[in-house]
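Student: need a structure here:
(4 chains)
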2 protein chains.
Amino acid sequence: MARPRAAETRKRTRIQREKEDRILDAALDVFSVHGFRGSTIDQIARAADMSKPNLLYYFRTKEAIHRLLIGQLLDTWLDPLREMQADGDPLSEICSYIRRKLEMARDYPRESRLFANEMLRGAPHIQQEMSDLKSLVDEKAGIMRKWMQDGKLARCDPHHLIFSIWATTQHYADFDVQVLAILDPGKAGDGRFEDAARYLEKLFIEGLKP
Amino acid sequence: MARPRAAETRKRTRIQREKEDRILDAALDVFSVHGFRGSTIDQIARAADMSKPNLLYYFRTKEAIHRLLIGQLLDTWLDPLREMQADGDPLSEICSYIRRKLEMARDYPRESRLFANEMLRGAPHIQQEMSDLKSLVDEKAGIMRKWMQDGKLARCDPHHLIFSIWATTQHYADFDVQVLAILDPGKAGDGRFEDAARYLEKLFIEGLKP
DNA sequence: GAAAAATTTGATCATTTGGTAAAGGTTACA
DNA sequence: TGTAACCTTTACCAAATGATCAAATTTTTC
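Tutor: Here you go, the predicted structure:
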């Protein structure tokens, strides 16, 4: 290979770590708003405050950056669901899940939007991950079904229950502009997340009480 | 003006109506999946089965097509909410609203995704419409607040109630791939929408009962 | 059925975009 | 402090993209 690319030889240097982090952060900014096809390397490079060839020294292609981001994302995105324990109190477990998902929407809105973008275009690159996701969801749906049989949770379709939690929480990241445009300007801080948590906990507790 | 562009002189012809419809339909296909920046005129022209210059005879620019689609969308998108009547039974009104929104997610998923794409990129072109939206939502929130005062609806934040209805229903259009990947293959038809309706009506009725 | 209007096409253009080449500058480490 | 590995930049390229033009063809109108 004529020119050594970053990270292809031996260990990662300090500069490599710093720049790769900067690139990924900038790329998350750009991809999460414009999607893969709508984002340009120039845009990302500008956001990372470096030249395009310099950026391409660290990542061979635009796709390589995107792939890495998506991979990192899916790795942590489902942690809150994984934490749902069969031996906890059903309504508390569901409330904790809602709270954790809302915190993610508040603290990692870019990741949420990146994911939403991927879904909107039909999840072309993550067939394997969707399959893993199904396994996890099916497992947790089984736990919920048990809770229902034990009379600790209202009978309902557990898959749709999970969908409704995803939808209501991610909404605050993906549709943030809309939420901000509609709520009173006074709620511009993070107050809307606390209001949302209060509302959603009440809705789901009352709605799912056996 | 050297060359007459479609619809610039006198009335719209039969061909104009047909082709413009074909273009808008194709553009909705493309924009709803790839977003504005991620879509190309070539792509839309191919989907509409015509040449690029031919397409550009009917719409001057890519943006003109997009603007028209967004305008049409917002015009009808809020109809279900407008139909919510202050003098109806609160829980029935809310259930009808959910059902209508679910029907839109089922019958017009492309429109839902087009809207979602716009929101994800920060709704750059629809500031005015967002303002109109706020007026409508505030009005309906007022109705809900009245219902709560009359003891006909559980006390909660009406804005977040509306958000939760939007989120849960639009989810079935915007995240359709995910929904399909997770549900049993048997639900591949429109059955998932009926299941969703059953689940959501129960959740909201029980959750919002006074 | 001819004139006028509308439509379609093929060639073309300037810009943007993803990506490369090669040369010069910097860093780490012996 | 020298040098090998690593990093950065300037210049560049081919393809894609948004858009235009003049000429050719079709449709409508009288």
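
Student: so which bits of the lengthiest helix in chain A are buried?
Tutor: Identified as the longest helix of chain A according to DSSP state H is helix A:14-38. Neighbour counts over helix A:14-38 (16 or more other Cβ atoms under 10 Å in any protein chain shown) mark A:19-20, A:22-24, A:26-38 as buried. Every residue, glycine included, has its C-beta placed from N, CA and C.

Student: also near DNA strand D: which of those, exactly?
Tutor: Near DNA strand D, taking Cβ under 7 Å from any atom of the strand as the test, the members of these found are A:Lys19.

Student: give me the contacts around the longest helix of chain A.
Tutor: Contacts to helix A:14-38, defined as Cβ atoms under 8 Å, 6 or more residues apart in numbering or on different chains, come from residues A:6-7, A:12, A:39, A:43-45, A:47-50, A:54-55, A:58-59, A:62-63, A:65-66, A:68-69, A:72, A:109-111, A:113-114, A:117, A:120-121, B:34-39, B:117, B:120-122.

Student: show me where chain A has its helices.
Tutor: Going by DSSP H, chain A shows helices at A:14-38, A:41-47, A:52-58, A:62-77, A:79-82, A:90-107, A:109-120, A:127-149, A:158-174, A:176-182, A:191-208.

Student: buried residues, the fourth one. List them.
Tutor: By neighbour count on 16+ other Cβ under 10 Å, the buried set for helix A:62-77 is A:62, A:65-66, A:69-70, A:73-74, A:77.

Student: next one: the last one
Tutor: Buried residues in helix A:191-208, counted by 16+ other Cβ under 10 Å: A:192-193, A:195-197, A:199-208.

Student: which ones among the contacts of helix A:14-38 come in contact with DNA strand C?
Tutor: A:39, A:62-63.

Student: between those, which is closest to B:Ile165?
Tutor: Taking Cβ to Cβ as the measure, B:Ile165 lies nearest A:Ser39 of those, at 31.9 Å.

Student: for B:Ser135, see how far away A:Asp21 is.
Tutor: Distance of A:Asp21 to B:Ser135, given as Cβ to Cβ, to the nearest Å: 44 Å.

Student: oops, could you answer that again for A:Arg192 instead?
Tutor: A:Arg192 sits at a distance of 19 Å from B:Ser135 (criterion: Cβ to Cβ).

Student: then A:Leu114?
Tutor: Counting by Cβ to Cβ, the separation of A:Leu114 from B:Ser135 is 32 Å.

Student: could you do A:Ala105 as well?
Tutor: Counting by Cβ to Cβ, the gap from A:Ala105 to B:Ser135 is 26 Å.

Student: near DNA strand C, which residues of chain A show up?
Tutor: A:2-3, A:13-15, A:39-42, A:52-53, A:56, A:60-63.

Student: out of those, which are buried?
Tutor: Listed as buried from these are A:39, A:41, A:56, A:62; burial here means 16+ other Cβ under 10 Å.

Student: OK, contacts around the residue nearest to A:Gly88 when sequence neighbours are not counted?
Tutor: Closest residue to A:Gly88 apart from its sequence neighbours, by Cβ to Cβ, 6 or more residues apart in numbering or on different chains: A:Ser96 at 8.0 Å. Neighbour list for A:Ser96: A:83-84, A:88 [criterion: Cβ under 8 Å, 6+ apart].

Student: if we go to 10 Å?
Tutor: Applying Cβ atoms under 10 Å, 6 or more residues apart in numbering or on different chains to A:Ser96 gives the contacts A:80, A:83-85, A:88-89, A:201.

Student: what's the farthest-apart pair in the residues you listed?
Tutor: The span of these, defined through Cβ to Cβ, is set by A:Gln85 and A:Glu201 at 18.1 Å.

Student: closest to chain B among the contacts of A:Ser96?
Tutor: Closest approach between those and chain B, by Cβ to the nearest Cβ: A:Glu201, at 10.3 Å.

Student: can you get me a residue count around the closest residue to that closest one other than its chain neighbours?
Tutor: Closest residue in space to A:Glu201, ignoring its immediate chain neighbours: A:Cys95 at 5.2 Å, by Cβ to Cβ, 6+ apart. By other Cβ atoms under 10 Å in any protein chain shown, 18 other residues sit near A:Cys95.

Student: gap between the longest helix of chain A and the chain center?
Tutor: Centroid displacement of helix A:14-38 relative to its chain, using Cα atoms, centre = their mean, to the nearest Å, is 16 Å.

Student: can you check stretch A:149-159 too?
Tutor: 27 Å.

Student: residues touching that stretch, excluding its own?
Tutor: A:89-91, A:93-94, A:134, A:137-138, A:140-148, A:161, A:163-164, A:206-210, B:179, B:182-184, B:187, B:192, B:195-196, B:198-200, B:202-203, B:206.

Student: stretch A:71-84 now?
Tutor: Residues outside stretch A:71-84 that contact it (Cβ under 10 Å, 6+ apart): A:24, A:28, A:32, A:70, A:90, A:93-94, A:96-104, A:108, A:110-112, A:114-115, A:118, A:125-126, A:128-130, A:132-133, A:136-137, A:139-140, A:143-144, A:162, A:165-166, A:169.
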